[in-house]
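Undergrad: could you work out the structure for the sequence below:
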Amino acid sequence: MPYSVFGNKFTKHSGITELMDDLNAGVKGGDDILMLGGGNPASIPEIQQRLNKLIQELLDQGKLIDTLSNYDGPQGKNSFIDALAELFNDLYDWGLSGENIMLTNGSQNAFFYLFNLLGGNFSEGKSKKILFPLAPEYIGYADASVSEDAFVAVRPKINELNNGLFKYSVDFDAIKIDKDIGAICVSRPTNPTGNVLTDDEIVHLDQLAQNNNIPLIIDNAYGTPFPNIIFEDVKPFWNKNTILCLSLSKFGLPGARCGIVIANSKIIKAMSNLSGIMALSPGGIGPEIVLPLVKTKEILKLSNEVIKPFYLKKSQKAIRLLQDKIRSENMRIHKAEGALFLWIWFKDLPITSSELYKRLKEKGLLIVSGHYFFPGLEQSWQHTQECIRLNYAQDDDVVERGINILANEINDLYAL
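TA: Purely as a prediction, here's the structure:
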C-alpha cells in the first residue's frame, strides 16, 4: 500500500525510534539487558515516595478521577499554568502571565510544533531552516520536521581539559545567519553531551537571534529550576524573543508526557491552535500531580536537595569507573555539567560508533551511537563516528556491569 510523502517520511527508520524501541526492549528484557542507552530518568526513592503520596491524596480527594474525566483546553491545565507563571515571576521577575505558557504532550510534541511553525516550507516557494549552533544535539530533533532538509548545524570548538576530559563550545565565527534561518535552537544542559552553554554564550546567541529577528529556542528539559540536573552555576534565561521549553519527565514523570513552553503570547496562541487540531488538549495527569509542589515551591527543594546531588554523585562515579577500566589513552569524556548522560569520544576508533553499538547490543548492553546526534551537519566529520552516549542514571550495579562490557570491547579494539 503506498503512503503519502508525509507517511513515507515518518514511517522510515530514525534514531529516536531506534532509541525508544531499545528502551522498551530493555524494559521487557529485564535483567538480561543493561539499559544505558535511552533517556529514562532514575528511580529516586525520595521522589517516588513523594509522588506516590501526592497521587494517593488526589485519589482520596476525587481530583484524579476528575482530571481523567474532563478535557483541558488546548493550552493545557489553567491552574498549573497560573502556578508556573507565579513561580517564575517570584524567582526571576519575568513578568509572565497565563498567556505566556502552554503545556504539550511532552517536549518531543512541543518541538514538533515549534520546528514546523518556524522552519520548513513557506509560501512563494521559500523555505527556512532551524539552526543548531552547537552540534552534537538531541537525537529527537532530527526527524521532527515535516519538511526535508529542515536543519543546519555548526561544528563546535573542542577544548581538551585535564584528566582525560573535554568540552565543546560554540564557534561563533562559523555561524552564518541569513534569511533562510527561521530560529536558533540549543539544549541546556545539552543532550547528549551534558554540556552547559555559558551565560556569555547564551547572551551572544540571543543577540544574534534578535539582530536577525528570529527566536532563540532553549530546551531546558534537564535545567533549572526543575529538575535542576545541572552542575554549573549559570543564570536562567528568558525574554520575549526566547522560547523556553521545560518538562516534568526528568523530575520523575516521563510517562505523564508533560512539556512546558514559555514564550510570547503570539507563539503560545499559535501552538495552542496546533494543539487543538492535533491533540484536542494535552494530558492533565502530570500537571495535577505536581501542582501542589509548584504552588508551595517544594518542587525547588526536591530538585535542589534530592535530584541534583543524586545525579551529580552518579555521574562522578561513572566517570571514575570508565577511567579505571578503559586503558586506552584515546578515550575522552565530555565534562559532565548536567543531564543524565556521559558523552564518550574514542579518538581514531577502529570501527564506527554504529558498529560498536551493534557489538555491545549483542553482549546485552544498550548505548546510543553518536552519529545520530548531528542533525543538519552537512560536512563529513570523522568525530561523528567516534562518540557514544551512555546513560549513567540506572542502578549502580547496572551501570558498572555495562561499563565492564564497554571496557572489554574498547580495550580489545585498541589492542588489535
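Undergrad: please enumerate the helices of the stretch 51-200 of the chain.
TA: 63-68, 78-92, 107-118, 199-211 (DSSP state H, counting those that start in this stretch).
Undergrad: these: which one's closest to Val261?
TA: For these, the distance to Val261 is smallest for helix 107-118, at 5.3 Å, taking Cβ to Cβ. (Glycine included, C-beta is placed from N, CA and C.)
Undergrad: which elements pack onto the closest one?
TA: Counting contacts by 3 or more Cβ pairs under 8 Å, 6 or more residues apart in numbering; DSSP states H and E, helix 107-118 is packed against strand 127-132, strand 181-187, strand 216-219, strand 242-247, strand 259-262, helix 265-279.
Undergrad: using PDB, write out every CA atom in that helix.
TA: What follows is helix 107-118, C-alpha atoms only, in PDB (Å, rounded to 0.1, in the frame of the first residue of the first chain):
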ATOM      1  CA  SER A 107       8.900  18.000  24.900                       C
ATOM      2  CA  GLN A 108       9.000  16.000  21.700                       C
ATOM      3  CA  ASN A 109       5.500  17.200  20.900                       C
ATOM      4  CA  ALA A 110       6.500  20.800  21.700                       C
ATOM      5  CA  PHE A 111       9.500  20.700  19.300                       C
ATOM      6  CA  PHE A 112       7.400  19.200  16.500                       C
ATOM      7  CA  TYR A 113       5.100  22.200  16.800                       C
ATOM      8  CA  LEU A 114       8.000  24.700  17.000                       C
ATOM      9  CA  PHE A 115      10.100  23.300  14.200                       C
ATOM     10  CA  ASN A 116       7.200  23.200  11.800                       C
ATOM     11  CA  LEU A 117       6.000  26.700  12.800                       C
ATOM     12  CA  LEU A 118       9.300  28.300  12.400                       C
END
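Undergrad: report the angle between that helix and strand 242-247.
TA: Going by axes from the mean of the first three to the mean of the last three Cα atoms, to 10 degrees, helix 107-118 is angled at 160 degrees with respect to strand 242-247.
Undergrad: and helix 107-118, what's its mean pLDDT?
TA: Mean pLDDT, helix 107-118: 96.
Undergrad: re the thing from before, of all the helices of the stretch 51-200 of the chain, which lies closest to Ser353?
TA: Per Cβ to Cβ, nearest to Ser353 of the helices of the stretch 51-200 of the chain: helix 107-118, 23.1 Å.
Undergrad: do you know how far Glu86 is from Met102?
TA: Going from Glu86 to Met102 by Cβ to Cβ, to the nearest Å gives 16 Å.
Undergrad: neighbour count winner among these two?
TA: Each of Glu86 and Met102 has its neighbours counted (other Cβ atoms under 10 Å); Met102 has more, 27 against 16.
Undergrad: dig out what that one forms beta bridges with.
TA: For Met102, the beta-bridge partners are Val261 (DSSP bridges).
Undergrad: sorry, back to before: using JSON lines, lay out the helices and strands packed on helix 107-118 together with mean neighbour count, distance to Ser69 and mean pLDDT.
TA: Putting the helices and strands packed on helix 107-118 into JSON lines (neighbours: other Cβ atoms under 10 Å; distance: least, Cβ to Cβ, whole Å; pLDDT from 0 to 100) gives the following:
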{"stretch": "strand 127-132", "mean neighbour count": "22", "distance to Ser69": "38", "mean pLDDT": "97"}
{"stretch": "strand 181-187", "mean neighbour count": "23", "distance to Ser69": "36", "mean pLDDT": "98"}
{"stretch": "strand 216-219", "mean neighbour count": "26", "distance to Ser69": "33", "mean pLDDT": "98"}
{"stretch": "strand 242-247", "mean neighbour count": "24", "distance to Ser69": "25", "mean pLDDT": "98"}
{"stretch": "strand 259-262", "mean neighbour count": "24", "distance to Ser69": "23", "mean pLDDT": "98"}
{"stretch": "helix 265-279", "mean neighbour count": "16", "distance to Ser69": "18", "mean pLDDT": "97"}
